[in-house]
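Participant: Sequence isn't available, so here's the structure alone:
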């Protein structure tokens, strides 16, 4: 090695940062360096003087460029580098290091940043985890950084082949989560709050509808099931209701592709409603790898218009986690549902209109006392020889409801095969679910086939696909609302026995005439003959290609499809009370949504301090739906269910087609400093087909920032393990439904062969603007005691403005609504998550708790619009009104008239007959259906192979009004109507208007106005039935109860068999679990109504109004799973 | 990339313009069926005390509260589109029909409520008027009479064909429409005669010129639409498709109706009313036909309950038939009613009808009613002192009230106008009396507050007993 010493002048290292302008042509590298020396005060020392220095250089041009940068540029192609040492610049050969980065299992990790410490010299590992990097000398220090793993720092110490194994970051501080557009990020880098749920959290205690599995598990997420049948729709609201006109349901995205909307209106047949469930429920819990919930606008901004109410991202399992070769997993689950929450029926008085009623009608239970050894005429009294009915024993049958509902069962079996090799991986999964409902003859079955496959086409090109096929089928879904079995069963006076109704055809009149005691349908007849079948075939799939153009640049292109066809078949036999001549309906609906998108990702680790990322993408969403329905309300021949059997001229047809398209372009930039400070910026522009041309393009941005304070301020200690704070601001724009711009003149039902055309009473608007939601969020993530205690706190505020709503106008104006942009609804709230490991060791106790409090406020509606009705329920008796300053969820009803002034002011003002006077002129607020707060508390205890887990779900506050309570009180069926029935129960003696002496008198407390303007206390005696009727029937505040409840939502005990037990059996991971769901429910109302499922399910789902739905259930069962 | 948006967002399900006759059939059908449903199941039937409800007794207690008018304004709104379409196409025959339907529906509205939005109504779409002001009844009525007169004149002059198929009431016969327009004027003029000075003169002018103002000449001219009986919506409102048994069972015949029919040995009793299942066990009324008194406590238990009180005839009205009984139609106005209108006007000495007297028109009205129910009446009926024409308004109106059973709201409207028949309102409806009007819809105070408040300050308190202009 020769040394060539140039001009020896003292050199400061920072001189390499001086700038130079320079034009060099045709020479050797040596000559080039010489000319740099000339232009600067620098001189170079060469550690070797080989051919590299004689390398020809055609042209180098520099304009005010840093010397360091110029040197790197010219030296690198010659495999040379420089170091500054002892104030000398030494030109030397690079040291080329290479190696492979693997995880703890020895599997390669692609995408790891390999950084030469203190220099802007980085690379990333390839798909097979390999890297190579030219470093200055063999004593350099190298950093290996990958999210989800602890960063590793290695001094080369002369080594040039460095294989590294990274250790996962178990602290979860840098847990990798899936964010919008499927981009994986370290959780600590996020400036917004998201929640991730592992697959195992939703498939141990399995729900038929996976949405229900989220209840109580995530702060900020409110899940309400519309019914206790497992196939019922579940409503999910994230951070409160912000939209006046839409249903506030989040967007569901499965494996990167948006799927069908989660909520579908119920189907109305006669007066009953059928909930066919939501297509979101199609996904099998066994196929779920993880669920991520993007709560705020910032998290969801990249999903655009439809993400205004948050996003639920579901990632399904793939074969990539598999060990090499073939893996088979199997699990089997059995769950039994038992109806147990019933209204508190009374069994002391039987059918009749008053206590000594000799009649045998069955429509109310104000009749004679039961079990008193008397005989009365009854609906099924036998006839004597002369054809006269004979009185029979008047005894109670207290278990009618319990006898009617059966134990429901759900069996779920899943088998999955997965495999993996160097070329790719796959997972094929089949799930079979068979359910029998608690209502006799109701069922649901589901078969799910899923294939996830990835193929490495080229080291830089990966193709993957997910294809799912689901068939959902039911011969009969239970009905709700009026004329459902629940109404029939609950409305039976106790002197009747439901067992007498089991044979529901009149003997000899099968298919023609039902056997029914009164004017309503026999509940068994409804269960077995009023069938509501459906069959849904659904195909979801996507195919995507990821091309790693360079290590930093990748391109993803994808197209995804969600398509289903659903057929409903509704049968009503002859002699149904509402369908004298039977009825039949077939509805077909087709839905397709196609999303095609691309995403270009660029990632660059500049140096150990700075790294950047930039993504640009676009999406085209195309939605098509078509539906047709043919129905008849009269059949020609009993028992033949075919539309051709409709009575002549009775077929009604309906058809609706719609299309919608949204084109979008979006981008996201990220910067991170020292892995401690993270800044994200996003922007999206949508073009929606549903808005008028001048307003159909809209842009919305978001910014978020997060900082790991413990790292930044170097304040980490054993007490304080980690502190991160985050903040963000975002906007999301939304469009509307198709065809909201111009009115049309639709056809009405033909009158014989005469056509009718009617008009639309909602005035549309071709000046609509997009809605804009603006939100702020601040939060912090704190960990203490070496991460054994963690606290995650978020505060948010969202304002949704320019809402596209139908404002009501008087019908006298010729339209009942006008569509306009108006309103500003604000939601703000707190979300607090707490996790702790109070006991660690062989016996481990983990606690996860979450607290949610959302505050809703109507900031403004529209100038001149004092109130707005978001709908009404139970006729028009309950109105969901909003006014400036009030909250969404408030419901209002008319009340009774009160004494306006004087000493009795505020007491009831009764009419001359001693009855309440309804004050129709004013709707008073009686409740709000949203909870004040919710708390979920999950405890896991594990000891060796045994794990015990239970989840408590507490919702405090909120109210519900119950139509069922009202109806049952009106008919005297529940135990809150016992007082005053006879002398024994405190009834007053009185004489009715027909001169009859009675002992069922009661007095409504209140005052009657005298002619002179004074008031006297009411002393008028009325019948007990009249008393209850008048007190409750129209005065809804008396029928409104607290909706607070506490549920033991989930409980499970799991035993995992150890290897020593399984021995040489080809089985691994064998586990058995005992599981329970909703095992116990405490309700504040205490009347036997589950506030969660008291919902009016007709023409949509109306919370806060209890209607005839199924009784509350508890479920228990077991699960077995294993791998082969 | 947005050039397809127009196509994508064009509604493929219905047109922006439609044929005039499709709108005509809509207006006429929706008017007739809703009007008939009102007269059978709704408040007018309770106020006219034809029936007694024994469960869900709300209507019966006459404590109605606000009543919405959505369906009436809705069909007026469709009628407005009919008018616009006809004007655009210069189809004067449909302009005329829309004027008649406008007059019929607005007259019904103002008869029910009093002052209502009229001149500023139905203008949301064309001129953004969303807070229409109310007009006084005395302004509305003459304008409606003018509309009817104009309709009559347009149809007289016009030779353009009315689409016979779309004309579900008169099969395209313009003369029938003219008769309806003029007969309706007779009804409306008598109704306002107390307050509207030229009422009888205008009636006389109609009667005097048959060629210019043809009126109903027999029941064949009735403004009626049959029921198809195929769908619930196209069936008699009390029939088995449209009404479930539960509603049928809670609806009993009133004591007022049964007793008046029994008093007169009226042959319509057996047609309209079902005998009780059993008279043994009847506690207060041992008759074969038993009506239930209105607004009593425990009405379901009256006379021993269910088996001892009458329901409306199942053979005719309800359970086992009547979906499309040719005798049961949706009636807007009948010749029978016109007979009584003329009888009353002659009785008052205000008009003359060539060849007719009040007595002859009175008998004609009764006979016409019976004929329409297929009842053959013997002359003995008319010989009864209670039936034999005695020149009193009470007798005349009581017979009209019987004949108007389930015909529009005439039974109630005549009662509040003349006080006949004098009903026993019932102990639980005591103090309220028979309502004089509907209370304005409560949505008005929310959606049209300023106009509503202004209207009430002019009209008087918004309750059931406030008298409208023509009742004062």
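Facilitator: Perfect, I can see it now. All values reported here derive from a predicted model rather than from experimental measurement. Numbers count the residues shown, from 1 in each chain, chains lettered A, B, ... in the order given.
Participant: roughly how far is the host helix or strand of residue A:45 from the heart of the chain?
Facilitator: Per DSSP states H and E: residue A:45 is located in strand A:44-46. With Cα atoms, centre = their mean, to the nearest Å as the basis, strand A:44-46 stands 66 Å off its chain's centre.
Participant: Over to stretch B:275-291?
Facilitator: 32 Å.
Participant: Only the buried residues of it, if you could.
Facilitator: B:276, B:279, B:282, B:285, B:287, B:289, B:290, B:291 (16 or more other Cβ atoms under 10 Å in any protein chain shown). Every C-beta, even on glycine, is put in place using the N, C-alpha and C of the backbone.
Participant: which pair in these spans the largest distance?
Facilitator: B:279 and B:291 (14.2 Å; Cβ to Cβ).
Participant: Can you tell me the closest non-neighbouring residue to residue A:962?
Facilitator: Sequence neighbours aside, residue A:1106 is the residue nearest to residue A:962 in space, at 3.4 Å (criterion: Cβ to Cβ, 6 or more residues apart in numbering or on different chains).
Participant: one step back: counting by contacts, list what the strand holding residue A:45 packs against.
Facilitator: helix A:29-39, strand A:88-93 (3 or more Cβ pairs under 8 Å, 6 or more residues apart in numbering or on different chains; DSSP states H and E).
Participant: right, so of the ones you listed, which gets closest to residue A:853?
Facilitator: Relative to residue A:853, the nearest member of the helices and strands packed on strand A:44-46 by Cβ to Cβ is strand A:88-93, separated by 63.1 Å.
Participant: helix or strand right after the closest one?
Facilitator: strand A:95-102.
Participant: And that following strand, what does it pack against?
Facilitator: Looks like strand A:95-102 contacts strand A:130-135, strand A:164-165 (3+ Cβ pairs under 8 Å, 6+ apart).
Participant: Could you dump the buried residues of stretch B:275-291 into JSON lines and include distance to chain A?
Facilitator: As requested, the buried residues of stretch B:275-291 are exported to JSON lines (distance: Cβ to the nearest Cβ, whole Å):
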{"residue": "B:276", "distance to chain A": "13"}
{"residue": "B:279", "distance to chain A": "14"}
{"residue": "B:282", "distance to chain A": "12"}
{"residue": "B:285", "distance to chain A": "10"}
{"residue": "B:287", "distance to chain A": "16"}
{"residue": "B:289", "distance to chain A": "19"}
{"residue": "B:290", "distance to chain A": "13"}
{"residue": "B:291", "distance to chain A": "15"}
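Participant: Those residues into a markdown table, with extra columns for secondary structure and pLDDT?
Facilitator: Putting the buried residues of stretch B:275-291 into a markdown table (DSSP: H, G, I helix; E, B strand; the rest coil; pLDDT from 0 to 100) gives the following:
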| residue | secondary structure | pLDDT |
| --- | --- | --- |
| B:276 | coil | 94 |
| B:279 | coil | 91 |
| B:282 | coil | 89 |
| B:285 | coil | 93 |
| B:287 | coil | 95 |
| B:289 | coil | 97 |
| B:290 | coil | 97 |
| B:291 | coil | 96 |
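Participant: Dump those residues into TSV; add distance to residue A:509 as well.
Facilitator: Shown next, in TSV, are these (distance: Cβ to Cβ, whole Å):
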residue	distance to residue A:509
B:276	26
B:279	30
B:282	32
B:285	35
B:287	34
B:289	31
B:290	31
B:291	33
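Participant: and after the strand holding residue A:45, which helix or strand comes next?
Facilitator: Using DSSP H and E, the helix or strand that follows strand A:44-46 towards the C-terminus is strand A:56-66.
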